[in-house]
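In: pasting a predicted model and its sequence here:
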Amino acid sequence: MKTSSGTTGLIQNEPLLWEKGQEGRSGYSMPRRDVPRTKLDERFLGPAPDLPDMSEIDVVRHFTRLSQWNFGVDTGMYPLGSCTMKYNPKINEKMASLPGFAGSHPLLPPRFSQGALQLIYELEKFLAEITGMDAVSVQPAAGAHGELAGMLIVHAYHEKRGKQRSKIIIPDTAHGTNPASAALCGYQPVAVRSNEEGIISPEQVEAVMDEDTAGIMVTNPNTLGLFEKNIKAIADIVHAKGGLVYCDGANMNALMGIVHLGRAGVDVMHLNLHKTFSTPHGGGGPGSGPVCVRKHLEAFLPVPRVVKDGKNYGLTEDLPDSIGKLHPFFGNFGVMIKAYSYIRSLGAGGLKKASQLAVLNANYMKEMLKGTLHLPFDSVCMHECVFSDQNLHDYKVITVDLAKRLMDHGYHPPTIYFPLIVHGAIMIEPCETESKEELDNFIAAVKEIAAEAKTNPENLKNAPTRCKVKRLDETSAARNPCLTG
Amino acid sequence: MRYLPHTKKDISQMLGATGFKNLDELFSPIPEGCRRAEPLKLPAALNEWELGSLMEEMAGSMAAAPEYRMFIGAGSYDHHIPASVFYLLGRSEFTTSYTPYQPELSQGTLQAIYEYQTLVSRLLGMEVANASMYDGASALAEALLMSMRVTRRRWVAVSAATHPLYRRVIKTYLRPIGCEIVEIPYSADGALDISALDGLGEVAAIAVQSPNFFGCVENLETAAARAHAQGALMIASFTEPIAYGLLKNPGSQGVDIACGEGQSLGIPRSFGGPGLGLFTSRLKYVRSMPGRLIGKTVDLEGKRGFVLTLATREQHIRREKATSNICTNSSLCALSALMFLASVGKTGLRNLAQLNRDKSEYLKAGLKKAGLTLPFTGTTFNEFVARIPADTYERLLGKKIIAGAPIGPYYPDLADCYVLCATETASRKDMDQTIKELAS
């Protein structure tokens, strides 16, 4: 193996929290008691919860060691397809922790919260401009929550028109959250297969679209990294039968400053601020999933809406057709601050450049690796490209082996086995924040592993060898679940 | 732009290698009709220092402690956060990682969330906790949906003293599937009207918030017995988890699902989000639970390790048959909660909870002595309701004192009432002054 960033160092073991506490220790500075002690009614009094007692340094070492077993974007390239693991700017974190924002309460009269309301109001305007939609609500707390908001809007729209529908068209390239979100509104998904080019064709939509179908959920660019170029024709078919077009905007990172989704026929869509707009994913959340609509659906957006009157910002609940509230307050404001900071830092030119370079990086990756890995759909891709493990089958090596071996080289693996329509999929999204040198190093690592598959396939089967743990037994974890200690 | 590493030379080399003439050509698959006609209309890009000034100005316009004395909770609480928690949470190995789909590179997140599941289960006396939901309101909505899956019944009963904004979120979730929500009234002391729990019929769940929106502690055990007698699940929700440092936990009172907001556990209020949805249940219902779960296992060499498990419940496997559509959750906030619980520990949490109650009782006694009416007599934790004339409330706002949250908008019969909160952050001096102002 050539010199790569993957290497071994001293990895500290660390027990579970409750294996190291000692009763009587404390890591918390107890506030002064300046009021008398009261006695709680015995009927309500319980025993103290069984938590470990630890000193501050115990806690600090514990979590510092745990953090060292993790891999983040700050550690190295994280080309996880459909997740847009771009660099998370540090200034954004600082802005979100400004005391006026971090310490603010959501239920004060608006005159005490002008800064936060201004930020929400402007962010909604920016996102409307970036997508080409007319109105936005930043209330949904994550992408799937934004999808749910979108589906609730579709549901409320049909309800308002006097006839509810029972089905929704979802292509086979969709994220799993799409059918799950539609099901929460009682819609039965109708599958549409993508064609030989990896996109949906209008004829297939025409064949299933009817007046009992609420609309279609399209991910664009889709999960093969391809632009659904028939989107407008598809939208016309759906609209002609009274349906709505929902766009999953998780892959918006390819389109900023280039595509106008309103013009493309989209009625409602969601964004992921924790993907396209650089907010960190936090090991699984929190995110933020704004829902964006065209004018004819604005009345259905969640309440309250932030409004501007002269120089002042206020709140209105006066939307009788609204789907209601999805979040007790305004959504994940802390995440919005970071996305707002990102948009203000890049401006129109910077955002467009980010999308251009994201697409350039993905196409470069595709061209450089297509002789090494099998490329099922060889056309110009958007922000990501999808390979398969077909070329490795002769050596009894499969996708997961390649992925695990990449760890030994110091990379987080790409998304694997998704989308489902590509057998043994390897979905690579490099992101615009990776330099050409980083891409070249990653490409070299993949080529080396592919060569190794022919000569020493067992090295792949045994990978990873340089992580804290070897491959883990997931089957027994599910068969005999141990979920608490 | 400092986040974009490409030099002109890089771009031209990469275009050459891919066979494109320029960056625009990369977008050739996009039909003309889908393109923007003009550039984005956005404010000009700011440098780091300009952005800092702008944001400081916006943040500076917000009312926040210590300039304002805040006696307001109502689902978003003011608690001290240890510097160590804030510092550890900044470890970017935690913040800049994705959902731990590749366990060998994510053992930090995985062990931490396994520990979180354990400590949250212990806090609430329950058998299993998931890896988090968005917030307390969506956790309650998911709990109600779960109860319908478990019992195969189609309607639910929810206490009217549940946070009114949570009840609105529940309505949004349950309306499209035609699930009816019956509200259980509260009685004169501010707690649930237990007599209203009988004869509910084919109800999937009875959901009760404790401490409730008025701050009153509920008798969950009695409610659970009524739920079980009717074949329903008992759901306990909460907005203030610190209370369970002192109160009898839901698990010991026969509760089947306990869920609520975890913001008090080391998470800043941040204008109401992000929060943390705590979600726990009895083990026998685990396969109906929403959200991610982390399980313990071993690696090829028998060494302890952790993985995402029971994923066959989840949307990426089950699609429309999944137990929930949730994917991204509130993992980093769960980590804050874990760090907070590890820092305070058993002894500390008990003392902290007791101090919260004592501060609130001090304020309550002071207001009562000052002649204010307290409409409810029930036992409270760190919140309680008081009647305050609207002009007095406004006058205090002018003095930068926030004397609670108005509840009239949600309960017309409590038109001039406010729910006040005193946590460990309230000093006796500030409370004395507030009492004096309210008395005058």
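Out: Thanks, I have it.
In: would you map the helices across chain B?
Out: B:8-18, B:48-60, B:83-89, B:92-95, B:107-124, B:136-151, B:164-174, B:220-229, B:315-318, B:331-369, B:390-398, B:428-439 (DSSP state H).
In: before we move on, what about the stretch 301-450 of chain A?
Out: Ranges of helices in the stretch 301-450 of chain A, per DSSP state H, counting those that start in this stretch, are A:333-369, A:399-408, A:436-455.
In: and the first one, does that touch chain B?
Out: Yes: contact of helix A:333-369 with chain B (C-beta under 8 Å from any C-beta of the partner chain) involves A:333-335, A:337, A:341, A:343-354, A:356-357, A:359-361, A:363-364, A:366-368. Where you see a C-beta, it was placed from the backbone N, CA and C, and this is true even at glycine.
In: only whichever of the residues you listed are buried, select them in ChimeraX.
Out: Buried residues within these, by 16 or more other C-beta atoms under 10 Å in any protein chain shown, are selected in ChimeraX with:
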select /A:333,334,335,337,341,343,344,345,346,347,348,350,351,352,353,354,356,357,359,360,361,363,364,366,367,368
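In: contact partners for the spatially most central residue of chain B?
Out: Centroid check for chain B by C-alpha atoms, centre = their mean gives B:Glu261 as the closest residue, at 2.8 Å. Applying C-beta atoms under 8 Å, 6 or more residues apart in numbering or on different chains, we find B:Glu261 in contact with B:75, B:135-137, B:139, B:238-241, B:275-278.
In: care to break chain A down by domain?
Out: A:92-345, A:349-466 (automatic domain parsing).
In: out of those domains, deepest packed?
Out: Across these, the average number of neighbours (mean count of other C-beta atoms under 10 Å in any protein chain shown) peaks for domain A:92-345, which reaches a mean of 23.
In: got the end-to-end distance for that one?
Out: Start-to-end span of domain A:92-345 (C-alpha to C-alpha, to the nearest Å) is 10 Å.
In: span of stretch B:17-36 from start to end?
Out: End to end - C-alpha to C-alpha - stretch B:17-36 spans 28 Å.
In: which parts of it are buried?
Out: Neighbour counts over stretch B:17-36 (16+ other C-beta under 10 Å) mark B:18, B:20, B:23, B:26-27, B:29-30, B:34, B:36 as buried.
In: show me how far that stretch is from its chain's centre.
Out: What separates the centre of stretch B:17-36 from the centre of its chain is 44 Å, taken as C-alpha atoms, centre = their mean, to the nearest Å.
In: what comes up buried for stretch B:427-440?
Out: Within stretch B:427-440, the residues that count as buried by 16+ other C-beta under 10 Å are B:427, B:430-431, B:434-435, B:437-438.
In: alpha carbons of it, as CSV, please.
Out: In CSV, the C-alpha atoms belonging to stretch B:427-440 read as follows (Å, rounded to 0.1, in the frame of the first residue of the first chain):
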residue,chain,number,x,y,z
SER,B,427,-31.7,34.0,42.2
ARG,B,428,-33.5,34.9,45.3
LYS,B,429,-32.7,38.6,44.7
ASP,B,430,-34.4,38.5,41.3
MET,B,431,-37.4,36.6,42.6
ASP,B,432,-37.8,39.1,45.5
GLN,B,433,-37.8,42.0,43.1
THR,B,434,-40.3,40.3,40.8
ILE,B,435,-42.6,39.6,43.8
LYS,B,436,-42.3,43.2,44.8
GLU,B,437,-43.1,44.5,41.3
LEU,B,438,-46.1,42.2,41.1
ALA,B,439,-47.4,43.2,44.5
SER,B,440,-47.4,46.9,43.7
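In: quick one: is that stretch near chain A?
Out: Yes: using C-beta under 8 Å from any C-beta, stretch B:427-440 reaches chain A at B:427-428, B:431.
In: B:Ala37: neighbour count?
Out: 7 (other C-beta atoms under 10 Å in any protein chain shown).
In: need the contact list for the closest residue to it other than its chain neighbours.
Out: Once flanking residues are discounted, B:Ala37 sits nearest to A:His260: 7.5 Å by C-beta to C-beta, 6 or more residues apart in numbering or on different chains. With contact set as C-beta under 8 Å, 6+ apart, A:His260 has these partners: A:132, B:34-37.
In: out of those, what pair is the most spread apart?
Out: Across the contacts of A:His260, no pair lies farther apart than B:Cys34 and B:Ala37, at 11.2 Å, counting by C-beta to C-beta.
In: if we can go back for a sec, show me which of the buried residues of stretch B:17-36 neighbour chain A.
Out: Among the buried residues of stretch B:17-36, the ones lying near chain A by C-beta under 8 Å from any C-beta are B:18, B:20, B:23, B:26-27, B:29-30, B:34, B:36.
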